[in-house]
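Give the three-dimensional model of this entry:
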Amino acid sequence: MDALLSALADPARWRLMNLLAERPRPVGVLAELAEARQPQTTKHLQTLERAGVVTSQRTGQRRVYALRPDPLRDLASALTLLADHADRADGPRATFDRYGRALHAERLAAQGSGWADGRSFRFRRPLAVRPELLWRHLTDPGLLAAWWTPDDLRVSELVFEAHPGGRIVQEYRDAEDADGSEPVAGRAEGVVDGVRPGEHLTYRLAPQLPDGSPAFTAHVDLGLKPSDSGTELDVHYRVTDSTIDSADFIAGIEIGFGQSLDKLAAACTRTEDSDNDEHGNSTGGDSGGDSGSGSGTGSGNGNGTGNNTDPRSTS
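Have a look, this model is predicted:
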């Protein structure tokens, strides 16, 4: 496949392919039609033959070349599969496009300080776990770090002191940056406002811009209510102190927060009571916290990689 792609990348060889698609032709005629020298044309044809996309045979004094369509069909199939995989419904590309549309709208709306103040979002999730187990996923640093980012980010530093006045620090990197060699994708800092274990958690969290100043303040209120199937999680998310540069973050709140809650639901399903006890003994059951992660899904430049500040995990 690599040899074929390399062979087809040259415009002169692509011109020869088009000529051979019409009918088999001798090298001299091909050179004439392509307005090229015959030695050059011969080299191009030899490259295409080594790549398996053309074949040749000697007929008297002439060498005639013909196109082999099967490798092209195989390439077309591979490219179609690649495109279909990238374009799958509700896949990462669809999320990227959705965020791009939101980003465009929010940047147009961000005309001055306070432009997004008062904006609010609400998220409700039925979770098949007891309130006390869900609470641990919201407040145990080891459990919290497993879900408190959108899909393509990971927590690289986390402090969550689950008591009124407790400190919150969240730093995050690309999920595939295993060795931490890439710049930090983003950072947020905040404070816990209220705690009723197993019932209610409130906090404020401010994602930071590249210069370390806050982009906006998120006021997050999480209520836990027992249900027949486990627990109803009700999250209220409100924006204050919004700066013009917060548009990239505001654009991704709904997407990123939703992805984080999906990860929370999966994490709760995986966790056995015995695993929870282990995590509680090793990390301290009420030393961490939920942060309603999912603010934005792109970086300062909207593609998730710029400004060293990816807003997706700010909540």
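
make it CA atoms for all contacts and neighbour counts henceforth
Will do.

separation between residue 108 and residue 249?
Going from residue 108 to residue 249 by Cα to Cα, to the nearest Å gives 14 Å.

And the two? Which one has more around it.
residue 249 (32 against 9; other Cα atoms under 10 Å).

quick one, helices of this structure?
Here the chain has its helices, by DSSP state H, at 2-8, 11-22, 27-33, 38-50, 69-86, 92-109, 131-139, 141-144, 247-250, 253-270, 273-283.

contacting residues around the third one?
I take that to be helix 27-33. Residues from elsewhere that reach helix 27-33, judged by Cα atoms under 8 Å, 6 or more residues apart in numbering: 16, 19, 37-38, 41-42, 62-65.

how about the CA coordinates for that helix, as PDB?
The C-alpha trace of helix 27-33 is given here as PDB (Å, rounded to 0.1, in the frame of the first residue of the first chain):
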ATOM      1  CA  VAL A  27       6.100   3.700 -23.800                       C
ATOM      2  CA  GLY A  28       6.900   5.900 -26.800                       C
ATOM      3  CA  VAL A  29       3.300   6.900 -27.400                       C
ATOM      4  CA  LEU A  30       2.800   7.500 -23.600                       C
ATOM      5  CA  ALA A  31       5.800   9.800 -23.600                       C
ATOM      6  CA  GLU A  32       4.500  11.700 -26.600                       C
ATOM      7  CA  LEU A  33       1.000  12.100 -25.100                       C
END
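
any idea how far the closest residue to residue 130 other than its chain neighbours lies from residue 269?
Excluding the flanking residues, the one nearest residue 130 by Cα to Cα, 6 or more residues apart in numbering is residue 230, at 5.0 Å. Distance of residue 230 to residue 269, computed by Cα to Cα: 11 Å.

quick one, which of these two is more surrounded?
Each of residue 230 and residue 269 has its neighbours counted (other Cα under 10 Å); residue 230 has more, 17 against 12.

Does residue 215 touch residue 207 like I think?
Yes - at 5.7 Å, residue 215 and residue 207 qualify as touching, with contact defined as Cα atoms under 8 Å.

circling back: identify the contacts common to residue 230 and residue 269.
Contact with both residue 230 and residue 269 is made by residues 128-129, according to Cα under 8 Å, 6+ apart.

Counting neighbours, show which residues of stretch 207-225 come out buried.
Within stretch 207-225, the residues scored as buried using 16 or more other Cα atoms under 10 Å are 207-210, 214-224.

same deal with stretch 35-49?
So stretch 35-49, judged by 16+ other Cα under 10 Å, has buried residues 38, 41-42, 44-49.

May I have that stretch as CSV, with CA atoms only?
Backbone C-alpha positions of stretch 35-49 (Å, rounded to 0.1, in the frame of the first residue of the first chain) are rendered in CSV as follows:
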residue,chain,number,x,y,z
GLU,A,35,4.7,15.6,-23.4
ALA,A,36,7.7,14.1,-21.6
ARG,A,37,11.0,12.5,-22.5
GLN,A,38,10.9,8.8,-23.1
PRO,A,39,13.7,7.9,-20.5
GLN,A,40,11.7,9.8,-17.9
THR,A,41,8.5,8.1,-18.9
THR,A,42,10.2,4.7,-18.8
LYS,A,43,11.3,5.4,-15.2
HIS,A,44,7.9,6.5,-14.1
LEU,A,45,6.3,3.4,-15.7
GLN,A,46,8.9,1.1,-14.0
THR,A,47,7.9,2.7,-10.6
LEU,A,48,4.2,2.1,-11.3
GLU,A,49,5.0,-1.5,-12.3
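
From residue 32, how far out is residue 73?
Taking Cα to Cα, one finds residue 73 at 28 Å from residue 32.

in this protein, what residue sits furthest out from the centroid?
Here the centre of the chain is the reference, and by Cα atoms, centre = their mean the most remote residue is residue 60, at 59.8 Å.

in this protein, what secondary structure element scores lowest on mean pLDDT?
Within the chain, no helix or strand scores below helix 273-283, which has a mean of 51 by mean pLDDT, DSSP states H and E.

Residue 86: how many residues sit nearby?
Neighbours of residue 86 (other Cα under 10 Å): 13.

Double-check it against residue 93; I have them as touching.
Yes - look at residue 86 against residue 93 with Cα under 8 Å: they come within range, at 6.1 Å.

Nothing else from me, thank you.
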